[in-house]
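*Asks:* Model the following, please.
(one chain, ligands or ions: 2)
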Amino acid sequence: MVPMKEKTVYLKSFGCQMNDADSEQYLGILGRAGYKPTDTPDGADLILLNTCAIRAKAEQKVFSELGRLREYKLRDPSVKIGVAGCVAQSMGKGILSREPAVDFVLGTGSAGDLPEMIRQAETGRRATSLLAKREFDLDTARLESVRTSLYHAYVPIIYGCDNHCAYCVVPGVRGPERSRPLEGVLREIGDLAERGYREITLLGQNVNSYGKKDNENIMFSDLLHAVCKIPGIDRIRFVTSHPGDLSEEVVHTMASLGPICEALHLPVQSGSDRILSAMRRGYTRAHYLQRIALLREAMPGIALSTDIIVGFPGESDGDFEETLSLIGDVGFDSLFGFVFSPRPGTPASELPRRVQETVAQRRLQAVLDLQREISARRNNALVGSLVEILVEGRNPRDPQGLTGRTRTNKIVHFQGDVSLTGTLVAVRITEGRPNCLIGVQP
Ligand code: 5AD
Ligand code: SF4
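*Replies:* Numbers count the residues shown, from 1 in each chain. Ligands and ions are numbered 1, 2, ... in the order given. Here you go, the predicted model:
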């Protein structure tokens, strides 16, 4: 047999954790095809971008990146460039005409076609795969993922979304909801546990809908119970939850199972009922606040985070004030704020009464300023407490220090020996900053 020449792939991932998980899976599939990952495009045989389409800015980033990467292909025409992920799915062949350096376009359901796309590119054909046409063994591909961390891993449990929020491209680019059979999820987590992984984040656009469309009668809380029985996994998290689908049962399950972390990302988007309705979110401010009360009652130390969109069409000063007051009332630990971006094909992109960009930017700044104060206050309140940290490694800003995360998903910097990486340690908090905590080992 002629030995296969080892090739290299430079993969850059944009967007959410689902994209990160897909990227790790692409690297697994590429590994089988003889490609090793490299962290620079310089000298790579294959350049693959895994893209995000959530806001116009995310999409623009892809094309400016492609503009830069084109140089590598000009220098060496044998270099192949592929575009995968959400922009690939939404623009399809349009990417090939917009950017001549791109060899192939791989949609969100087409991971199994990746080797075929490369083969086509090698014969000089530009190809597009927007559907999983080939038989594709997801569970095997997941097991072969090349993971970024040795201690923490992402495990997708549900793909796509049926919610159709008025502003969102996700149902369009990720398709309808499909739950992954429990058996494969458990096999993947069992395999990770055997390899020493200690923390798992279950992924989905709407994890609370797990199992709802299946006849198997295994719901999200059943999955949580099953996952918590796997020995060796100390911490389990999940994203993203929809406030309309977060059931009391799930809240009580979270509170009753030891490995499930006291942290929840629960995107509210707006504090105004009028805007929530225009966004087609399917819940009210009162319902959201009631879910928060339920969570805090069940888990008093829980850390809560959210997403806010400002400048949705028709958002008045009064509506925006309601968003600020909700942020104040809840007292989130952290928050991601965005200016509304009209996305092609979404109902909100057709709405009248657009909010001026300057007004929207001012509102975003007000949200971020308010949250900074609240985060600092909440983090300060932790000074003196003893917390459990999963050590992630050296602090990138302080080569002598270590960085880890609490169960509540807060970043903690402290001094310690690098051999602690990947272990759980107790740390006493000495300082609370808006975006992190400082601590010492007692
Ligand atoms: N414009 C701005 N923000 C958006 N998000 C989703 N779609 C849009 C859009 N069109 C935000 C939401 C969501 C997060 C992932 O991105 O807040 O929760
Ligand atoms: Fe971006 Fe949504 Fe695609 Fe994730 S699923 S990469 S957030 S468009």
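
*Asks:* In the stretch 1-150 of the chain, where is pLDDT below threshold?
*Replies:* 1-5, 132-136 (pLDDT under 70).

*Asks:* right, quick check: stretch 243-259 against ligand 1, any contact?
*Replies:* No - for stretch 243-259, no contact with ligand 1 is found by CB under 6 Å from any ligand atom; the gap never falls below 11.0 Å. Where you see a C-beta, it was placed from the backbone N, CA and C, and this is true even at glycine.

*Asks:* mind checking the end-to-end distance for that stretch?
*Replies:* Start to finish, the residues bounding stretch 243-259 are 22 Å apart (CA to CA, to the nearest Å).

*Asks:* Okay, buried residues for stretch 119-139 please.
*Replies:* Gln120, Ala121, Arg126, Ala127, Thr128, Ser129, Leu130, Leu138 (16 or more other CB atoms under 10 Å).

*Asks:* So which of the residues you listed sit within strands?
*Replies:* Among these, DSSP state E puts Ala127, Thr128, Ser129 in strands.

*Asks:* Ligand 2 versus the residue lying closest to the first one once chain neighbours are set aside, what's the distance?
*Replies:* Pointing back at Ala127 there. Distances taken as CB to CB, 6 or more residues apart in numbering put Gln120 closest to Ala127, at 4.1 Å, once the chain neighbours are dropped. Distance, Gln120 to ligand 2, by CB to the nearest ligand atom, to the nearest Å: 24 Å.

*Asks:* quick one, what contacts the closest residue to ligand 2 within the stretch 251-400 of the chain?
*Replies:* Closest residue of the stretch 251-400 of the chain to ligand 2, CB to the nearest ligand atom: Arg343 (9.1 Å). Contact analysis of Arg343 by CB atoms under 8 Å, 6 or more residues apart in numbering lists Ala53, Ile54, Arg55, Ala56, Tyr167, Cys168, Val169, Ser349.

*Asks:* you'd agree the residue nearest to Ala127 is up against Phe104?
*Replies:* Yes - between Gln120 and Phe104 a contact is recorded at 6.7 Å, counting by CB atoms under 8 Å.

*Asks:* Show me the common contact partners of those two, please.
*Replies:* With CB under 8 Å, 6+ apart as the test, Gln120 and Phe104 both reach Arg126, Ala127.

*Asks:* Contact residues of the chain facing ligand 2?
*Replies:* Contact residues, the chain versus ligand 2 (CB under 6 Å from any ligand atom): 15-16, 18-19, 52-54, 85-86, 169-170, 173-174.

*Asks:* want to throw these into a markdown table with distance to His265, secondary structure and neighbour count?
*Replies:* Converted to a markdown table, the residues of the chain next to ligand 2 look like this (distance: CB to CB, whole Å; DSSP: H, G, I helix; E, B strand; the rest coil; neighbours: other CB atoms under 10 Å):
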| residue | distance to His265 | secondary structure | neighbour count |
| --- | --- | --- | --- |
| Gly15 | 15 | coil | 21 |
| Cys16 | 11 | coil | 19 |
| Met18 | 13 | helix | 23 |
| Asn19 | 16 | helix | 18 |
| Cys52 | 17 | coil | 22 |
| Ala53 | 20 | coil | 25 |
| Ile54 | 15 | coil | 20 |
| Gly85 | 21 | strand | 29 |
| Cys86 | 19 | helix | 28 |
| Val169 | 19 | coil | 24 |
| Val170 | 15 | helix | 23 |
| Val173 | 21 | helix | 25 |
| Arg174 | 18 | helix | 23 |
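
*Asks:* and of these, the nearest to ligand 1?
*Replies:* Closest to ligand 1, out of all of the residues of the chain next to ligand 2 and judged by CB to the nearest ligand atom, is Ile54, at 5.0 Å.

*Asks:* count of neighbours near Ala348?
*Replies:* 20 (other CB atoms under 10 Å).

*Asks:* Likewise for Asp317?
*Replies:* Asp317 has 8 neighbours, counted by other CB under 10 Å.

*Asks:* residues contacting it?
*Replies:* Taking CB under 8 Å, 6+ apart, one finds nothing in contact with Asp317.

*Asks:* which residues of the stretch 251-400 of the chain fall in helices?
*Replies:* For the stretch 251-400 of the chain, helices defined by DSSP state H, counting those that start in this stretch occupy the ranges 273-278, 285-298, 317-330, 357-380.

*Asks:* The third one near ligand 1 at all?
*Replies:* No - with CB under 6 Å from any ligand atom as the measure, helix 317-330 is seen stopping short of ligand 1, the closest distance being 11.9 Å.

*Asks:* As a markdown table, the contacts of Arg343 with distance to ligand 1 would be great.
*Replies:* Listed next are the contacts of Arg343 as a markdown table, based on distance: CB to the nearest ligand atom, whole Å:
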| residue | distance to ligand 1 |
| --- | --- |
| Ala53 | 9 |
| Ile54 | 5 |
| Arg55 | 5 |
| Ala56 | 8 |
| Tyr167 | 4 |
| Cys168 | 5 |
| Val169 | 7 |
| Ser349 | 8 |
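
*Asks:* Nearest to Lys80 among those?
*Replies:* Relative to Lys80, the closest of those is Ala53; by CB to CB it sits at 22.4 Å.

*Asks:* Name the nearest residue to the closest one, ignoring sequence neighbours.
*Replies:* Closest to Ala53 by CB to CB, 6+ apart is Cys86, at 3.9 Å.

*Asks:* List the contacts of the one you found.
*Replies:* Gly15, Asn19, Thr51, Cys52, Ala53, Ile54, Thr108, Val169, Val170, Val173, Arg174.

*Asks:* repeat for Tyr283
*Replies:* Per CB under 8 Å, 6+ apart, neighbours of Tyr283: Pro243, Gly244, Leu276.

*Asks:* right, and the last one touches Gln269 too?
*Replies:* It refers to Leu276. Yes - between Leu276 and Gln269 there is a contact at 6.9 Å, judged by CB under 8 Å.

*Asks:* and the residue of the stretch 201-350 of the chain nearest ligand 2?
*Replies:* As assessed by CB to the nearest ligand atom, ligand 2 sits closest to Gln205 within the stretch 201-350 of the chain, at 6.4 Å.

*Asks:* picking that back up, pick the one among the contacts of Cys86 closest to Leu295.
*Replies:* Val170 (24.2 Å).

*Asks:* Run through the residues that contact the closest one.
*Replies:* Ile54, Cys86, Gly160, Cys161, Gln205.

*Asks:* In these, find the pair that's most separated.
*Replies:* For these, the farthest-apart pair by CB to CB is Ile54 and Gly160; their separation is 14.7 Å.

*Asks:* Give me the contacts around stretch 115-131.
*Replies:* Contacts for stretch 115-131 (CB under 8 Å, 6+ apart): 29-30, 32-33, 46, 80, 82, 88-89, 92-93, 96, 102-107, 109-110, 113, 134.

*Asks:* Report the buried members of the residues you listed.
*Replies:* Buried among the contacts of stretch 115-131 by 16+ other CB under 10 Å: 29-30, 46, 80, 82, 88-89, 96, 102-107, 109-110, 113.
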